[in-house]
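Enquirer: Got a sequence here, can you model it:
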Amino acid sequence: MEGIQHRIVKVNGINMHIAEKGQGPVILFLHGFPELWYSWRHQITALASLGYRAVAPDLRGFGDTDAPPDVTSYTCFHVIGDLVGLIDTVAPNDEKVFVVGHDWGAFMAWFLCLFRPDRVKALVNLSVVFNPFGSINNVIEALRAYYGDNYYMCRFQVTRMSISQTIWPSIKIN
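Expert: Residues are numbered from 1 along each chain as shown. Model prediction:
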C-alpha cells in the first residue's frame, strides 16, 4: 500500500474519505458491503503503476466517510450525488472516469451510469447484474430461492425489517 494517499473531501454535504494513487485518467473503485476502500488496495497500486489515477472512496455510511443519522439519507440518489461530487473533485472540467464496482458499489455504479452517463467513460462491475426494471424484492426472492434464508442479503432483510419495525414503526420497507 506504499504511496496510497488518504484525504477527506467535502461532497454532497458530507465528508468522504478517499484513498488515491497515481496520475493520469481516473479509475473510480466502488466497494461492496461491508467493505471499504481497502478492498481495492492491490488494484490501486497496480493501476497507478500503469499510468492511471486510482481513487477508492469509503461510500456514505462506511469507514471514515460521514454516516448521516437519518435512514432516509441513504437512497441511491444520495450516494450518486456523493459520487458525482467526488468525480467533480478528482476529475474537474467534465472529465469522464472509468468506474469499477463490486457488490453494493456495482449496484451504485449502474445507477451512476444511468443518471450521469456524461461523467462515465466505461464501467466494469463485479457480482451484480444490471436489473433496470425489477424491484429489490424480486432480487431478494431470487437470492433466497437460490441460496436459502441464511444468505447474507436475505438475513440482512430480516434484520432490516426487525430494526425498522422496532425503531421506525411508521416506515414501510418494500
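Enquirer: and stretch 91-109, which residues are buried?
Expert: 91, 96-109 (16 or more other Cβ atoms under 10 Å). Where C-beta positions appear, they are placed from N, C-alpha and C, glycine not excepted.
Enquirer: Could I get the buried residue list for stretch 22-41?
Expert: Applying 16+ other Cβ under 10 Å to stretch 22-41 flags 22, 26-32, 35-37, 39-41 as buried.
Enquirer: Also stretch 122-132?
Expert: By 16+ other Cβ under 10 Å, the buried positions in stretch 122-132 come out as 123, 125, 128.
Enquirer: And those, which is closest to residue 147?
Expert: The shortest approach to residue 147 among the buried residues of stretch 122-132 belongs to residue 128, at 14.7 Å (Cβ to Cβ).
Enquirer: Using the record's domain definitions, break this protein down for me.
Expert: Recorded structural domains for the chain (assignment: the TED database) are 5-127, 130-158.
Enquirer: how long is the longest one end to end?
Expert: This stretch, domain 5-127, spans 28 Å end to end (Cα to Cα, to the nearest Å).
Enquirer: any idea of the mean pLDDT for it?
Expert: Taken as a whole, domain 5-127 has a mean pLDDT of 96.
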